[in-house]
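Novice: got a predicted structure here, sequence first:
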Amino acid sequence: MRARHIDHVNLRIPADGADAAREFYGERLGFGIEDALYAADEKPFFDVRLSATAVIHLWPTDEFERPTKTNYDHVAVVVEESAAEIEAELEAAGVAVEKTLDSPLGATGEAGAVYVRDPFGYRVELKARV
């Protein structure tokens with residue numbers, strides 16, 4: 001078996017969290033939101049489009065439980081911007097930075113990373129491209 005990349009991550013969000021998710025991932029972080037099938041009640045989740053080959057499924061549900069240190073840490077998303085550019089964009093969008101690291105090791109190598117929390121408590125690592 002030869003893995004190539006992560007296809008998707010599935011995150012539960014509160015049943016009433018779709019608008020907050022669209023605002024955070026779509027407006028503040030600038031990722032694409034694909035929710036036509038969700039809006040048409042044809043599937044129970046919608047997608048945050050990260051690239052042509054990767055999405056985050058956001059699944060609104062009454063079964064949502066805020067993540068804790070014991071069951072989830074973060075999802076890492078490689079972006080084109082440098083860590084300094086990421087921080088500037090986040091500041092302009094009003095997104096609080098939780099922490100930054102100069103060169104954490106990821107699947108593509110070492111590069112700067114900036115960590116934020118989405119409205120539901122999930123940590124998102126925005127990692128500069130190597």
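Specialist: Ah, there it is.
Novice: what packs against the top helix by length along the chain?
Specialist: Assignment by DSSP state H gives helix 83-93 as the longest helix of the chain. With contacts defined as 3 or more C-beta pairs under 8 Å, 6 or more residues apart in numbering; DSSP states H and E, helix 83-93 has these neighbours: strand 113-117, strand 123-128. All C-beta atoms are positioned from the backbone trio N, CA, C, and that covers glycine.
Novice: these into TSV, with extra columns for mean pLDDT, distance to Leu105 and mean neighbour count?
Specialist: TSV is the format used below for the helices and strands packed on helix 83-93 (pLDDT from 0 to 100; distance: least, C-beta to C-beta, whole Å; neighbours: other C-beta atoms under 10 Å):
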stretch	mean pLDDT	distance to Leu105	mean neighbour count
strand 113-117	95	10	20
strand 123-128	92	10	20
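Novice: adding distance to Gly106, write those out as CSV.
Specialist: Formatted as CSV, the helices and strands packed on helix 83-93 follow (distance: least, C-beta to C-beta, whole Å):
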stretch, distance to Gly106
strand 113-117, 8
strand 123-128, 6
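Novice: how about the ones you listed, which one is nearest Asp73?
Specialist: Across the helices and strands packed on helix 83-93, Asp73 has its closest neighbour in strand 123-128 (6.3 Å, C-beta to C-beta).
Novice: got a list of contacts for that closest one?
Specialist: Outside strand 123-128, the residues that touch it by C-beta atoms under 8 Å, 6 or more residues apart in numbering are 29, 67, 72-79, 81-83, 86, 90, 98, 104, 106, 111-118.
Novice: quick one: strands adjacent to it?
Specialist: Using DSSP bridges, strand 123-128 pairs in its sheet with strand 74-79 (parallel), strand 113-117 (antiparallel).
Novice: okay, the ones you listed in JSON lines with distance to Lys43 next?
Specialist: Compiled in JSON lines, those are given as follows (distance: least, C-beta to C-beta, whole Å):
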{"stretch": "strand 74-79", "distance to Lys43": "20"}
{"stretch": "strand 113-117", "distance to Lys43": "26"}
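Novice: out of these, flag the one nearest Ile6.
Specialist: When those are compared by C-beta to C-beta, strand 74-79 sits nearest Ile6, at 8.6 Å.
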